[in-house]
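Engineer: predicted structure and sequence below. I'll ask about it afterward.
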Amino acid sequence: MSFSFFIARRYRLSSTKFNTVRLISHFASFVVGVAVCAFFVIQSVFSGLHDFGLSYSSSIDPDLKIKSVDSFSFVMANTMVAKLEQVKGVAVAAPLFSQEAILRFEQHHKLVTLVGVDSRYDQLFGISDRTPVGRMVSDRGEELLLGYGTTIDLGAGLYDYDGFIECLLPKQGSINPLDPSPFVSRWATNVGVFQISEEVDYSYAFAPLPFVWSLTNVAANTYTAVDVKLDKNAKNDAVKEEIQLIIGSEFEVIKKEALNPALYRMLQTERIAIYLILSLVLTIALFNVVGAIVMMVLDKRNQLQTLLGMGSSVNEIRQIFFYQGLLLSGVGGFFGLIVGVGIVVAQSFSEFILVPGTRLPYPITFSFENLSVLLLIWGVLSVLAAWIASAIVRPQLLR
């Protein structure tokens with residue numbers, strides 16, 4: 001243990017003749033603890049809101065999406081899809097064919113994105129778990145699964161065999177003026193109602209792949225994309241590169257973040273803004289440490305003159321108060337961090353704080369990334385505050 005640190009520890013543990021100086025030191029340490037606690041809790045709350053928002057805004061965005069580079073649709077054999085599922089880290093590969101279509105029920109019309117899927121798509125997103133009424137569409141048949149909003153707009157019932165839903169799609173090619181209808185038409189039965197998010201509920205409908213192929217007049221095994229779900233611990237970049245090698249340059253593999261870049265850019269900007277604001281709050285809290293050290297230097301002036309007379313250098317005396325500043329911010333911040341982690345962990349498991357007006361627990365996420373960022377910012381600012389405070393020790397002050 002160095003001489004400077006030994007004296008700093010003694011100053012921290014011993015009392016002083018001025019109660020005001022001791023109270024100022026304790027208060028400065030307490031304020032730093034509150035700032036550190038608030039820093040970590042707010043970080044965790046923002047991470048929880050971030051994950052909660054993405055779970056709805058990108059609820060049908062896969063981890064990876066395979067699309068053709070040059071065309072809207074492409075043909076892919078089932079053997080190729082099976083080969084993709086054999087890639088290490090891939091949980092499910094679900095091909096789909098999506099097409100904008102008009103749904104008509106009695107006198108109501110609705111423009112939706114009609115997505116042709118098979119049973120693998122349900123494994124990808126768990127649509128069945130988000131279908132409180134009815135069921136997911138089967139692999140074959142003339143069936144539709146509508147969102148809650150689309151069902152309301154159309155006024156369609158469930159399993160209403162007396163009132164089928166008509167799917168309309170403009171005919172391709174040149175228009176024949178003698179043709180009584182410019183649309184390709186197919187009839188289907190609504191077999192369920194899903195609830196995912198407002199955007200999806202009002203804009204999407206699901207149907208078996210053969211039904212959509214028939215409606216769009218394309219060959220079997222024709223898809224517009226293949227959605228890929230990865231295992232929990234899979235490395236996205238490594239899996240993406242391996243898939244790209246398998247499918248070749250005619251296709252592109254798109255990561256989830258690239259499917260909605262504006263949203264992710266906005267969230268990243270908000271995260272940086274939160275870090276800057278919380279860092280400013282922590283900086284203001286550490287100014288109390290600087291003030292406490294200045295008061296302590298003035299309080300211990302006679303003792304410092306004695307140390308200087310005994311042969312201690314000015315730099316060694318500065319180190320005493322440098323360590324003293326680190327102890328003030330470190331002890332207070334440590335207890336604040338313990339309280340903050342306790343609050344976050346308690347909310348994560350017991351969910352005792354609810355969103356006002358609902359029974360939903362307030363979203364919060366414990367993240368080692370947030371903890372690392374806090375430790376880095378707290379450490380750098382503490383060292384800077386201690387250095388500024390110790391700089392007040394000058395030869396003129398010790399005369």
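Structural biologist: Perfect, thanks for sending it.

Engineer: count the neighbours of residue 211 for me.
Structural biologist: Using other C-beta atoms under 10 Å, residue 211 is surrounded by 21 other residues. Heads up, the C-betas are built off the backbone N, CA and C, glycines and all.

Engineer: can you check the one 4 residues further on too?
Structural biologist: By the measure other C-beta under 10 Å, the count of residues near residue 215 is 22.

Engineer: do residue 282 as well
Structural biologist: Residue 282: 23 surrounding residues under other C-beta under 10 Å.

Engineer: ok, it to residue 81 distance?
Structural biologist: For residue 282, the distance to residue 81 equals 51 Å [C-beta to C-beta, to the nearest Å].

Engineer: now residue 257
Structural biologist: Per C-beta to C-beta, residue 257 is found 24 Å from residue 81.

Engineer: same check, this time on residue 75
Structural biologist: Distance of residue 75 to residue 81, computed by C-beta to C-beta: 12 Å.

Engineer: can you check residue 126 too?
Structural biologist: In terms of C-beta to C-beta, residue 126 sits 20 Å off from residue 81.

Engineer: the more surrounded of the two?
Structural biologist: Applying other C-beta under 10 Å to residue 126 and residue 81 shows that residue 81 carries more neighbours, namely 17 against 13.

Engineer: show me what contacts the more buried one?
Structural biologist: 93, 95, 226 (C-beta atoms under 8 Å, 6 or more residues apart in numbering).

Engineer: and if you look at residue 166?
Structural biologist: Each residue near residue 166 by C-beta under 8 Å, 6+ apart is listed here: 103, 104, 105, 185, 186, 187.

Engineer: ranges for the helices of the stretch 101-250 of the chain?
Structural biologist: 119-125, 148-154, 198-203, 209-216, 236-247 (DSSP state H, counting those that start in this stretch).

Engineer: mind putting those helices into a markdown table with distance to residue 222 and mean pLDDT?
Structural biologist: Formatted as a markdown table, the helices of the stretch 101-250 of the chain follow (distance: least, C-beta to C-beta, whole Å; pLDDT from 0 to 100):
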| stretch | distance to residue 222 | mean pLDDT |
| --- | --- | --- |
| helix 119-125 | 16 | 89 |
| helix 148-154 | 25 | 90 |
| helix 198-203 | 23 | 86 |
| helix 209-216 | 7 | 92 |
| helix 236-247 | 16 | 90 |
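
Engineer: out of those, flag the one nearest residue 43.
Structural biologist: Within the helices of the stretch 101-250 of the chain, the stretch nearest residue 43 is helix 236-247; the backing value is 23.6 Å (C-beta to C-beta).

Engineer: which residues touch the closest one?
Structural biologist: Residues outside helix 236-247 that contact it (C-beta under 8 Å, 6+ apart) are 63-64, 66, 80, 83-84, 87-90, 228, 230, 251-253, 255.

Engineer: could you rerun that using 7 Å?
Structural biologist: Helix 236-247 has contacts (C-beta atoms under 7 Å, 6 or more residues apart in numbering) with 63, 64, 66, 83, 84, 87, 89, 90, 230, 253, 255.

Engineer: next, count neighbours for the residue nearest to residue 384 when sequence neighbours are not counted.
Structural biologist: Closest residue to residue 384 apart from its sequence neighbours, by C-beta to C-beta, 6 or more residues apart in numbering: residue 286 at 7.9 Å. Residue 286 sits with 27 neighbouring residues when counted by other C-beta under 10 Å.
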